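S.K.: I would like to see how this sequence folds:
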Amino acid sequence: MTNVNRHFYVAIMAGGIGSRFWPYSRTDYPKQFLDILNTGKTLLQWTFERFLQFIPQENIFIVTHQHYISKVQEQLPGLPVENIVSEPSRKNTAPCIAYISHKIHKQDPRANIICAPADHLIMDPMSFTTTCLNALMFVQKHSALVTLGIKPTRPDTGYGYIQHETQQVADNVYPVKTFTEKPDLELARTFLQSGDFLWNAGIFVWNVKTIIAAFKTYLPEIDELFEQSVPVLNTPEEKKAIETIYPQCSNISIDYGIMEKADNVYVIPSNFGWSDLGTWASAYENLERDDSGNAVQGKNVMLVDATNCMIKAPQDKLLVVQGLDEFIVVDTTDVLLICKKENEQQIKEYVAEVKRNKGEKYL
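M.R.: So this is what the prediction gives:
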């Protein structure tokens, strides 16, 4: 690795509960720690190894909920224990990014950081590396907040969209015009046709000073809380300070809190075979399918007149599925989910309903 790389860092955000992958993904064992696509590695392990290709291991940080520290250690045994950063509660991405930014800034005021989720699928890691290095080198020289945008392949209503200017400011780097949250189908079609809209991948790149300045401007109350903790960051007193700070943080995403408001936001149009693996249908799209269009995980699944289904079952359990078309069937030891593919965005609501009616037992 070249000398400049010692100022390149990654913060992998791995604290979510992946409720859209319920009942396979559970609060105790969420999707980033699972091998969703039967590859032999978990999503977290793939993400870590992807960044290890161009970032020194000591500069890779995992930010996760305190309950998952031991799972991260289990799955990434080579990672220094001080690089696993513990959040006492889930407060969305803005507090998470404020925390890790101040922590890294104290260690290296010249740091350039990629903030990325732990549970995305990247089919073309070489192209991903090139794009990330391009972004890191851009933010090293410019006071810029960069996001990676994915060239859309279909009018998807499950993603946020980024519209960019047509004039680039550097090689493949464009100023952002607008952010749009998940649109309806008609609007998504319009975006696709226009050619200047990209999917928001939720992967961000910036210099540590630039992002801290943005917090001071747009989320000053969150910045002040972490600013107070700077003297104890990277010391044994850090944990106690963070436990005091987190309950005072508002629950807000970095997109809403900063990216949609700042005037120094840029996007790099990217094409590295990305999927956020956010839902069972996205897993279905990335799994091998039989001649009837069924993606099946499980050794003992028998299908009769079933088409275009996503089916996951325990390896040794016999499952007989007849007459279903375009369904998601997920069987675990204590929960069976049968849901139309078109309603999969509602799985999160079903989980909330289960919690109300059955308590925490099945979550």
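
S.K.: R26 contacts E360, doesn't it?
M.R.: No - R26 is not in contact with E360 according to CB atoms under 8 Å; the separation is 10.2 Å. Heads up, the C-betas are built off the backbone N, CA and C, glycines and all.

S.K.: Looking at these two, which is more packed in?
M.R.: Per other CB atoms under 10 Å, whichever of R26 and E360 has more neighbours is R26, with 20 against 8.

S.K.: Touching, S282 and D276? I think so.
M.R.: Yes - using CB under 8 Å, S282 is in contact with D276, at 6.8 Å.

S.K.: Mutual contacts of these two, please.
M.R.: L121 (CB atoms under 8 Å, 6 or more residues apart in numbering).

S.K.: Beyond the lengthiest strand in the chain, next helix or strand please.
M.R.: The single longest strand within the chain, with elements called by DSSP state E, is strand 197-207. Using DSSP states H and E, the helix or strand that follows strand 197-207 in sequence is helix 208-218.

S.K.: Could you list the buried residues of that next one?
M.R.: 208, 210-215, 218 (16 or more other CB atoms under 10 Å).

S.K.: Mind listing what's buried along the following helix or strand past that helix?
M.R.: Remark: after helix 208-218, the chain's next helix or strand is helix 220-229, criterion DSSP H and E. Within helix 220-229, the residues scored as buried using 16+ other CB under 10 Å are 222-223, 225-226, 229.

S.K.: And helix 220-229, what does it pack against?
M.R.: When contacts are defined as 3 or more CB pairs under 8 Å, 6 or more residues apart in numbering; DSSP states H and E, helix 220-229 packs onto helix 93-107, helix 208-218, helix 238-245.

S.K.: Now it - C-alpha only, CSV.
M.R.: C-alpha atoms of helix 220-229 as CSV (Å, rounded to 0.1, in the frame of the first residue of the first chain):
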residue,chain,number,x,y,z
PRO,A,220,-24.9,21.3,16.2
GLU,A,221,-26.7,19.7,19.2
ILE,A,222,-25.3,16.3,18.2
ASP,A,223,-21.8,17.7,17.5
GLU,A,224,-21.7,19.5,20.9
LEU,A,225,-22.4,16.2,22.7
PHE,A,226,-19.5,14.4,21.0
GLU,A,227,-17.2,17.4,21.2
GLN,A,228,-17.5,17.3,25.0
SER,A,229,-16.4,13.6,24.9
